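J.: Sequence first, then the predicted structure:
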There are 2 protein chains.
Amino acid sequence: MTETTQRPGGTRSPGRPRSEKAEKAIIEATLDLLAEESGVAGVSIEAVAARAGAGKTTIYRRWSNKEALIVDALASVKAPLTRPAGESVREDLLAIARSMRSERHRQHAKCFWNVVGSAEKHPELYARYREHVIEPRREIMREVLRRGVERGEVRADLDLEVAIAMLTGSMSTKTPQDELPADYPDTVVEVLLRGIATDAG
Amino acid sequence: MTETTQRPGGTRSPGRPRSEKAEKAIIEATLDLLAEESGVAGVSIEAVAARAGAGKTTIYRRWSNKEALIVDALASVKAPLTRPAGESVREDLLAIARSMRSERHRQHAKCFWNVVGSAEKHPELYARYREHVIEPRREIMREVLRRGVERGEVRADLDLEVAIAMLTGSMSTKTPQDELPADYPDTVVEVLLRGIATDAG
C-alpha cells in the first residue's frame, strides 16, 4: 500500500498517512521560518524540527539537507500552473494570469522574495528552485505562446521570454500585501495581447 | 559654507566634506548589511557604526532611527530616474528601460529584494521606501505615458499603472545575478508600445 512519488527536490517518499501528517508539519514549519525576516538564514533542520514537533531523524529520512527541504516546501506553495485548456491564446493567458493573482493571497507568498534575495549567497538552492518550481511554470507559458504562434494568433518573431517576463513581472510587481484589482489580470492580458498579436489577430 | 539638502528620509544634513566622507561610509555599511542574508534584521545602528568605523553619535546626528537610515541608503542606490527628454513616448520609455537595465549591475541591487521581503514585518519602513524611492520613479513614468496620451501616441483609456507594472516588472523579473541581453529594453518597449499605442500610433 505504499505509494512512491517523485518530489521536486529529487527525493522519494513512501506516502503513508502517518508520515504525511508529519511531513505536512515539517513543510509548514519550513515555510513559516522562511517567511520570517531572516529568510533562508533562519531555516535549519534543528529549527524546523523544533517548530514542527518532529525529530531531526524524521526530517533527514526524507531530505538530505536544508536546501532540499526548502525547495520541496516552496514547490508545495507555488504548485505547477494548471495547463490551460488551449481554447485560444487569450483564454489561456487569462487563466494563467488569474491563477497568479489568486496565488498572491497565499500565506507564504512572501517566502519567494526572501529566496530570491538570497540567490547570490545560495546559488545552488536558487538553481534548484528555478529548475523545479519556476521552469515548469514558464514551460507552460511557452507552450501557450507557441500554440498561439502556430495558430497565427501571436507574431512568429516574438521573443517568448520577453512576453513571459511582462506577464509574470506585472503580476508580481507589488508586494503580496498589496491587493491587485479583480480585473487586473484582464487588463494585463489585454495590453499584452495587443503587444504580441499578429496584425491579423 | 554649509549647504543644506533635503534627503529622501526626511532628514537634513549640513554638507561639510568631512561629514560627507563619514556619511558615505555609513551609507555603504548600511547597504552591505542590508544585502546580506538577514536583510533588514541584520541592520542595527550598532552594526552600521562598527562596520563604518563611525561613532553611533555620528549616525544619530543625521538619522533618528534605523528605518530613516535604511531609506536614505536605498535612495542613494536607486536614484530618481532621469526625466526623459520628451521626444516621443518610444524614446522616453526606451531611456527608462535602459536605465533600469544598467541599475541591475549595481552592487546593491539585491538589497531591494530583502526590503520587499520584509515589507510585512516592517510596514512603516516599506511605506517610506515606497514614498521616497519608488513613487518618484513611477511618477516620471506616469508623466511619460500621460504625455503620450496627450499627443495621441498612447490609448486614452490605458490603465497607466498596468503599463508601468509591465515595464518595471519585466525589467526586474530575473535576479540581479541574471544578465539581461543588451537589446532586452528595446524588445520590452517594442511589445509594450504595440500594446498601449493608439491604432493610429
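T.: All right, it came through fine.

J.: and A:P185, what does it touch?
T.: The neighbourhood of A:P185, defined by CB atoms under 8 Å, 6 or more residues apart in numbering or on different chains, consists of A:L94, A:A97, A:R98, A:M100, A:R101, A:M171. No exception for glycine: its C-beta is placed from N, CA and C like everyone else's.

J.: So which of those residues belong to helices?
T.: With helices taken from DSSP state H, the overlap with the contacts of A:P185 comprises A:L94, A:A97, A:R98, A:M100, A:R101, A:M171.

J.: Compute the distance between the first one and A:A22, please.
T.: The reference is to A:L94. Taken as CB to CB, to the nearest Å, the spacing of A:L94 relative to A:A22 amounts to 39 Å.

J.: what do you get for the second one?
T.: Between A:A97 and A:A22 the distance is 36 Å, computed by CB to CB.

J.: quick one: buried residues of the lengthiest helix in chain A?
T.: When chain A is scanned for its longest helix (criterion: DSSP H), the result is helix A:17-35. Using 16 or more other CB atoms under 10 Å in any protein chain shown as the test for burial, helix A:17-35 gives A:19, A:22-23, A:25-35.

J.: now do stretch A:143-158
T.: Neighbour counts using 16+ other CB under 10 Å place A:V144, A:L145, A:R147, A:G148, A:V149, A:E153, A:V154, A:R155, A:L158 of stretch A:143-158 among the buried residues.

J.: quick check, nearest of those residues to A:V189?
T.: When the buried residues of stretch A:143-158 are compared for distance to A:V189 (CB to CB), A:V144 wins out at 11.2 Å.

J.: Would you confirm that the closest one contacts A:E91?
T.: No. A:V144 is not in contact with A:E91 according to CB atoms under 8 Å; the separation is 9.5 Å.

J.: Quick check: neighbours shared by the two?
T.: Between them, A:V144 and A:E91 share these contacting residues under CB under 8 Å, 6+ apart: A:P84.

J.: By mean pLDDT, point me to the weakest helix or strand of chain A.
T.: Comparing every helix and strand of chain A by mean pLDDT, DSSP states H and E singles out strand A:4-6 as the least confident one, with a mean of 43.

J.: related to what we said a few turns ago, restrict the buried residues of helix A:17-35 to contacts with chain B.
T.: With the criterion set as CB under 8 Å from any CB of the partner chain, no member of the buried residues of helix A:17-35 is near chain B.

J.: farthest-separated two in the residues you listed?
T.: Longest distance between any two of these is 24.2 Å, between A:S19 and A:A35; criterion CB to CB.

J.: thinking again about what came up before, okay, and which of the buried residues of stretch A:143-158 map to strands?
T.: Counted as lying in strands by DSSP state E, out of the buried residues of stretch A:143-158, is not a single one.

J.: okay, the residues you listed in TSV with distance to A:Y60 and pLDDT next?
T.: Written out in TSV, the entries for those read as follows (distance: CB to CB, whole Å; pLDDT from 0 to 100):
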residue	distance to A:Y60	pLDDT
A:V144	40	96
A:L145	42	96
A:R147	44	96
A:G148	46	95
A:V149	47	96
A:E153	50	95
A:V154	48	95
A:R155	51	94
A:L158	47	94
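
J.: List the residues that contact A:L180.
T.: Neighbour list for A:L180: A:R101, A:R104, A:M171, A:K174 [criterion: CB under 8 Å, 6+ apart].

J.: Out of those, who's the most crowded?
T.: Neighbour counts for the contacts of A:L180, by other CB atoms under 10 Å in any protein chain shown, peak at A:M171, which reaches 24 neighbours.

J.: out of everything not next to it in sequence, what's closest to it?
T.: Closest residue to A:M171 apart from its sequence neighbours, by CB to CB, 6 or more residues apart in numbering or on different chains: A:M100 at 4.2 Å.

J.: was I right about that neighbour contacting A:S170?
T.: No. Contact status for A:M100 versus A:S170: not in contact, 9.4 Å apart, counting by CB under 8 Å.

J.: pLDDT of the one helix or strand A:A50 maps to, averaged?
T.: Secondary-structure assignment from DSSP states H and E places A:A50 in helix A:45-52. Summarised as a single mean, pLDDT over helix A:45-52 is 96.

J.: and what of stretch A:83-98?
T.: Computed over stretch A:83-98, the mean pLDDT rounds to 93.

J.: Let me see the contact set for the residue nearest to A:M171.
T.: Contacts of A:M100 were listed using CB under 8 Å, 6+ apart, and they are A:T168, A:M171, A:S172, A:P185.

J.: State the distance from it to B:A182.
T.: 29 Å.

J.: okay, among the ones in helices among the contacts of A:P185, which ones form the most distant pair?
T.: Across these, the longest distance by CB to CB is 12.0 Å; it joins A:L94 and A:M171.

J.: picking up where we left off before, residues of the helix holding A:A50 that come out buried?
T.: Within helix A:45-52, the residues that qualify as buried are A:I45, A:A47, A:V48, A:A49, A:A52, counting by 16+ other CB under 10 Å.

J.: can you check stretch A:81-88 too?
T.: Buried residues in stretch A:81-88, counted by 16+ other CB under 10 Å: A:L81, A:P84, A:S88.

J.: check contacts around the last one.
T.: Residues near A:S88 by CB under 8 Å, 6+ apart: A:R151, A:E153.

J.: Distance check, it against chain B.
T.: Distance of A:S88 to chain B, computed by CB to the nearest CB, to the nearest Å: 17 Å.

J.: burial count for the residue in chain A that chain B sits nearest to?
T.: Per CB to the nearest CB, A:G169 is where chain A lies closest to chain B, at 2.5 Å. A:G169 has 22 neighbours, counted by other CB under 10 Å.

J.: Am I right that it is in contact with B:V162?
T.: No. With the criterion set as CB under 8 Å, A:G169 and B:V162 do not qualify as a contacting pair; they are 11.7 Å apart.

J.: Tell me, what's the model's pLDDT at the nearest residue to A:A47 once chain neighbours are set aside?
T.: With sequence-adjacent residues excluded and distances taken as CB to CB, 6+ apart, A:A47 is closest to A:L33, at 5.8 Å. Looking at A:L33, its pLDDT reads 90.

J.: repeat for A:F112
T.: According to the per-residue confidence, A:F112 scores 77 in pLDDT.
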